[in-house]
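# Got a sequence here, can you model it:
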Amino acid sequence: MTVPTKVMKHERLQLPRVVILGAGFAGLEVAQQLAQKALCVTLIDRQDHHTFQPLLHQVVTAELEAQQICYPIRSALRRARNVRFVQAEVHHIQTRQRQVKTSAGGFDYDFLVIATGATSHLEILPGSPSAAAPNSVFGLKTIGDAIALRHHLAKVLARAHRPISAAPDLFAPTQFESVQSASTQAAHTTVESMADQTVVIVGGGATGVELAGAIAGWCKRSRHNAAACLPHPAKKLVLLHSRDRLLPGFRPRLQRYALKQLQAMGVDVHCLKRVQLLSSQGVQLSDGQLIPTKTVIWTTGVRGNPPAWKGEGPTTHRLPVRPTLQLLEDDHIYAVGDVAAGTSEAEPWPMLASVAVQQGRFAARNIRRQAQGQRLKPFRMRHWGAMAILGRHAAVVQLGPLTLTGVVAWLIWLAVHLMLLRGMRQRLTTLLRWSESYRYRSPRVRSSVSPSMTASMSMTTSASSRPQPCSHPIFCAK
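Down below sits the predicted model:
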């Protein structure tokens, strides 16, 4: 592996070495805050791009393309002369040797920042994986999850516009046994059709609510006759939530508004419902009700995704830290973002991008203080507010004591997320895409190609007959 000259010069100066694991909101913020400082920084991530996760639901519904919410990490760090980026898979951490083992080799550190984020906790799903229908349970944490879900939902919408098989004519001149057999077969076909055309979203937080609103809007846009999609009892979108109100943490007025808007869009919302079992027949709730479905989107139960340890290290999914964001076991290791547990078990830090950015900025300052032998300061989280989009001209915004709904909240949501996007190109293309979708009430959807189709097409194309395509599927020119 070739090391850039600018980093080799810093290493010869024997500056303190900082290794950052993960280039999410927290990890990338740490790297940018430590840029141009008297430190030798290495940022490691399995992907070569930063994903703006708050807009993943719009990638699912084709409002945006994947490249519009992704930003190359090397472009974000192009002016940081003391920071290098390594695309590699982290194997484990050796705390005694102070070294991180990756697929690109070992990296020694003086300070380690763990910002590996969170992952969908699909292991907690009740029911064995073999009992559930194959490829029917989806999470929503990465671009790959969003694209896979988009392909699956496109097939579901295509099936939703097919007429359900009619029941047999019981008064036809046939034998009773054949009538009974035909009736049973028709009932089974109807149940199968209902399962094929029903989408169940588990989790009534911001991710589940925004995804439900986006899918409902996509479903209505898919045909000129919106009545052919959601209102039919066999073609529906179900949102399950274990608590009594949607959007935990929001004001009651905003929770009621969100429930009203989703129901008006045709979403079947069920509060105080817990999933007890997943099977090939569908989702079974704790009260015994069975919802026939072959599509389950799991937006709840996410957990921290810490790397493996070789030697002494925490065994929990969210790493307990001190008020200074250092691990309890090692004061040279920091944990930030979704992987860091709060100092109080009663009130853990929320898994929000705003909290991750605050922690990343604060951890960078404490690393500089510790490298200079200064006293560290405790982290204090600031509540910047919360917001969620529900659909066209519908959103909820909570900024301290101020609560907004409707068009004003919708415009604020659009403006805030547009400003938070990284890269001027991403902002401009996103703004154009939103403007086009608003004007024509339907986004311009490009032909989507599944990974299997891409592989088959690449095998039939000769390398000598045309130039080689870009090796990265996200940043290739369309």
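# Okay, and Q58 sits in which element?
Following DSSP states H and E, one finds Q58 within helix 56-60.
# could you give the mean pLDDT of that helix?
Averaged over helix 56-60, pLDDT sits at 96.
# Please, which helix or strand holds the spatially closest residue to Q289 that is not a sequence neighbour?
Nearest non-adjacent residue to Q289, counting by Cβ to Cβ, 6 or more residues apart in numbering: K273, 8.0 Å away. (Glycine included, C-beta is placed from N, CA and C.) Using DSSP H and E, K273 sits within no helix or strand.
# Model confidence for K273, exactly?
We have a pLDDT of 94 for K273.
# what does A346 give?
pLDDT for A346: 50.
# ok, now which ones touch the closest residue to L319 other than its chain neighbours?
In space, not counting the residues next to it along the chain, L319 is nearest to A335; the distance is 4.2 Å by Cβ to Cβ, 6+ apart. By Cβ atoms under 8 Å, 6 or more residues apart in numbering, A335 lies in contact with 113-115, 306, 319, 321, 325, 327.
# likewise I412?
387, 395, 397, 404.
# Helix, strand or coil: sort out it for me.
helix (DSSP: H, G, I helix; E, B strand; the rest coil).
# Count the neighbours of the closest residue to L77 other than its chain neighbours for me.
In space, and not counting its chain neighbours, L77 is closest to V83: 5.0 Å by Cβ to Cβ, 6+ apart. The burial count assigned to V83 is 27, neighbours taken as other Cβ atoms under 10 Å.
# partners of V83 in the sheet?
Assessed by DSSP bridges, V83 has beta-bridge partners V41.
# Point out where the stretch 51-200 of the chain drops to low pLDDT.
121-135, 160-193 (pLDDT under 70).
# which residues of it fall in helices?
Applying DSSP state H, counting those that start in this stretch to the stretch 51-200 of the chain gives helices spanning 56-60, 73-76, 143-160, 176-196.
# re earlier: of all the contacts of A335, which two lie farthest apart?
Farthest pair in the contacts of A335 (Cβ to Cβ) is P306 and L325. Separation: 14.2 Å.
# dump the residue contacts of the residue nearest to Q289.
By Cβ under 8 Å, 6+ apart, the contact list for K273 reads 240-242, 285-287, 289.
# what do you get if the cut-off is 7 Å, keeping everything else the same?
For K273, the contacting residues are 240-242, 285, by Cβ atoms under 7 Å, 6 or more residues apart in numbering.
# do the same with D196
Neighbouring residues of D196 by Cβ under 7 Å, 6+ apart: 159, 294.
# mind checking the backbone torsions on the residue most central in space within the chain?
The residue lying closest to the centre of the chain (Cα atoms, centre = their mean) is K141, at 2.5 Å. Main-chain torsions, K141, degrees, to the nearest 10: phi -130, psi -20.
# That one touches T119, doesn't it?
Yes: if you go by Cβ atoms under 7 Å, K141 and T119 touch, sitting 5.9 Å apart.
# related to what we said a few turns ago, give me the contact list for the helix holding Q58.
Outside helix 56-60, the residues that touch it by Cβ under 7 Å, 6+ apart are 64, 66, 69, 140, 143, 146, 149-150, 153, 210-211, 214.
# what would those residues look like in TSV with distance to H417 and neighbour count?
Formatted as TSV, the contacts of helix 56-60 follow (distance: Cβ to Cβ, whole Å; neighbours: other Cβ atoms under 10 Å):
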residue	distance to H417	neighbour count
L64	11	23
A66	16	18
I69	10	26
L140	16	24
I143	17	20
A146	16	25
L149	20	23
R150	19	17
L153	22	22
E210	11	26
L211	15	25
A214	13	21
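# count of residues packed around D330?
Applying other Cβ under 10 Å, we find 16 residues neighbouring D330.
# Now it: closest residue in space, sequence neighbours ignored.
Spatially, and ignoring its direct neighbours in sequence, D330 is nearest to T95 (5.9 Å; Cβ to Cβ, 6+ apart).
# What's the local residue count around the one you found?
Using other Cβ under 10 Å, T95 has 18 neighbouring residues.
# Then the one 3 residues further on?
For R98, the number of neighbouring residues by other Cβ under 10 Å comes to 18.
# Quick check: it vs R322, distance?
Here R98 is placed at a distance of 19 Å from R322 (Cβ to Cβ, to the nearest Å).
# Repeat that for L239.
From L239 across to R322, the span is 38 Å (Cβ to Cβ).
# Which of these two has more residues huddled nearby?
Shown here are L239 and R322; by other Cβ under 10 Å, L239 has more neighbours (29 against 15).
# How is that one assigned, secondary-structure-wise?
Secondary structure, three-state DSSP: L239 is strand.
# Is it correct that it is in contact with E210?
No: assessed by Cβ under 7 Å, L239 is found out of contact with E210, at 11.1 Å.
# What is the burial count for the closest residue in space to P248 that isn't next to it in sequence?
Counting by Cβ to Cβ, 6+ apart, G205 is the residue found nearest to P248 once chain neighbours are left out, at 6.4 Å. The local packing of G205 (other Cβ under 10 Å) involves 19 other residues.
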